[in-house]
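*Asks:* mind looking at a prediction? Sequence and model below.
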Amino acid sequence: MAALTRLLKPSSSSSTSLLFRRSLSTTTAAVSEIQSQHHQSPNFSDPKPSRNFQWVFLGCPGVGKGTYASRLSNLLGVPHIATGDLVREELSSSGPLSRQLAEIVNQGKLVSDEIIFDLLSKRLEAGESKGESGFILDGFPRTIRQAEILDEVTEIDLVVNLKLREDVLVEKCLGRRICSQCGKGFNVASINAKAENGRPGMSMAPLLPPPHCASKLITRADDTEQVVQERLRVYNEKSQPVEDFYKNQGKLMEFDLPGGIPESWPKLLEALNLDDYEVKRSAVA
Ligand SMILES: Nc1ncnc2c1ncn2[C@@H]1O[C@H](COP(=O)(O)OP(=O)(O)O)[C@@H](O)[C@H]1O
């Protein structure tokens, strides 16, 4: 597959190699580099900082990877690339892959690595031609093979592993809605999980749509209870080697979500040493 080959072997002269260039090797180094570039000599009006972020978000279905990755992408000015979105775009097209993908996705199974690499490299190439650099990957890598191949072509700076109680994950997936017009995601679930077995209780307010989206909400075909349970099973089966891979490289940052967005977002920024960054960004916006 040509696009996959290009992804695996970016030539040093091609601009693809800019996207996949070698950068930092540990979380600590990554965070201190970010701080030295953006905190000590901030130039927040510079649209092209000399170095961009290459981050990965891991976490079970429903944990909120998309929500937090998208917020960070806006904050840091790098694209949020969710392989689930790429798969859904392909599904909604009338392309040759569409029917094959629907069968896999609607059973809660993983799409083949080859298809995922093809979709991802096309997305990266399209972004590159628009001048994008850096990324926050969401939903990729999902298997150890994907992580190893990604590692051959580029250096990931930081891997954030979001965690949440499993009963809450299921409720969140079932409450998920998408506006069929603007594509924004919402959640109608009002979560009040009791404290049990030493776990603290947890409340999360719904994330309701504005009036102009309210009548256009749709539910993903794979957000039924049976498919969500299967996606969680598949995730749990495949994720440990991926987490260990990044833990061994010193890049994994575990983050237990303390609640909904109002509690979790400031804590996540703090954990990433970006709380100050947000204040400075909004000051120049
Ligand atoms: N990296 C990947 N490898 C294989 N399949 C993937 C990958 N990313 C997404 N998919 C497919 O797309 C579906 C939806 O992905 P996503 O939106 O990330 O869902 P989730 O809410 O389960 O994290 C997955 O269940 C899977 O079938």
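*Replies:* Good, I have the coordinates.
*Asks:* quick one: average confidence on the helix or strand encompassing I136?
*Replies:* Using DSSP states H and E, I136 falls within strand 135-138. Taken as a whole, strand 135-138 has an average pLDDT of 97.
*Asks:* any part of it near the ligand?
*Replies:* No: judged by C-beta under 6 Å from any ligand atom, strand 135-138 stays clear of the ligand, getting no closer than 6.8 Å. Just so you know, the C-beta spots here come from the backbone N, C-alpha and C atoms, and that holds for glycine as well.
*Asks:* run through who's touching that strand.
*Replies:* Contacts to strand 135-138, defined as C-beta atoms under 8 Å, 6 or more residues apart in numbering, come from residues 19, 53-57, 65-66, 69, 72-73, 76, 78-84, 124, 127.
*Asks:* quick one: low-confidence parts of the stretch 151-285 of the chain?
*Replies:* For the stretch 151-285 of the chain, residues meeting the criterion pLDDT under 70 lie at 278-285.
*Asks:* all helices of it, in order?
*Replies:* 166-175, 211-214, 225-248, 261-271, 275-284 (DSSP state H, counting those that start in this stretch).
*Asks:* burial count for the residue of the chain found nearest the ligand?
*Replies:* Residue nearest to the ligand within the chain (C-beta to the nearest ligand atom): G84, separated by 1.9 Å. By other C-beta atoms under 10 Å, the residues close to G84 number 18.
*Asks:* was I right about it contacting L119?
*Replies:* No: with contact defined as C-beta atoms under 8 Å, G84 does not count as touching L119 (10.4 Å).
*Asks:* the residue of the chain closest to the ligand and I156: what is the separation?
*Replies:* 19 Å (C-beta to C-beta, to the nearest Å).
*Asks:* again with I261
*Replies:* 25 Å.
*Asks:* so which of the two has more stuff around it?
*Replies:* I156 (22 against 17).
*Asks:* backbone dihedrals for that one, please?
*Replies:* Main-chain dihedrals, I156, degrees, to the nearest 10: phi -90, psi 140.
*Asks:* what's it in contact with, if anything?
*Replies:* By C-beta under 8 Å, 6+ apart, the neighbours of I156 are Q54, W55, V56, L150, Y246, K251.
*Asks:* if you set the cut-off to 7 Å instead, what comes out?
*Replies:* Q54, V56, L150, K251 (C-beta atoms under 7 Å, 6 or more residues apart in numbering).
*Asks:* near the ligand, which residues of the stretch 101-250 of the chain?
*Replies:* Checking the stretch 101-250 of the chain against the ligand by C-beta under 6 Å from any ligand atom, the hits are 104-105, 108-111, 116, 139-140, 142, 146, 222, 231.
*Asks:* make it 8 Å
*Replies:* 101, 104-105, 108-113, 115-116, 138-143, 146, 173, 220, 222-223, 228, 231, 234-235 (C-beta under 8 Å from any ligand atom).
*Asks:* all the strands of this structure, residue numbers only.
*Replies:* 54-59, 80-82, 135-138, 158-163, 176-179, 185-187, 191-193, 202-204, 217-218, 252-256 (DSSP state E).
*Asks:* report the buried residues of the third one.
*Replies:* Residues of strand 135-138 classed as buried: F135, I136, L137, D138 (neighbour count, 16 or more other C-beta atoms under 10 Å).
*Asks:* how about the residues you listed in CSV, adding distance to P206?
*Replies:* Output for those, formatted as CSV (distance: C-beta to C-beta, whole Å):
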residue, distance to P206
F135, 30
I136, 25
L137, 28
D138, 22
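*Asks:* now for those residues: which two are most distant?
*Replies:* Largest separation among the buried residues of strand 135-138 by C-beta to C-beta: F135 and D138, giving 9.5 Å.
*Asks:* what about the helices in the stretch 1-150 of the chain?
*Replies:* Under DSSP H, counting those that start in this stretch, the stretch 1-150 of the chain gives helices at 2-8, 16-19, 27-34, 65-76, 83-92, 98-105, 113-129, 144-153.
*Asks:* ok, which of the ones you listed comes nearest P200?
*Replies:* Nearest of the helices of the stretch 1-150 of the chain (C-beta to C-beta): helix 65-76, 20.0 Å.
*Asks:* what are the buried residues along the closest one?
*Replies:* K65, G66, T67, Y68, A69, S70, R71, L72, S73, L75, L76.
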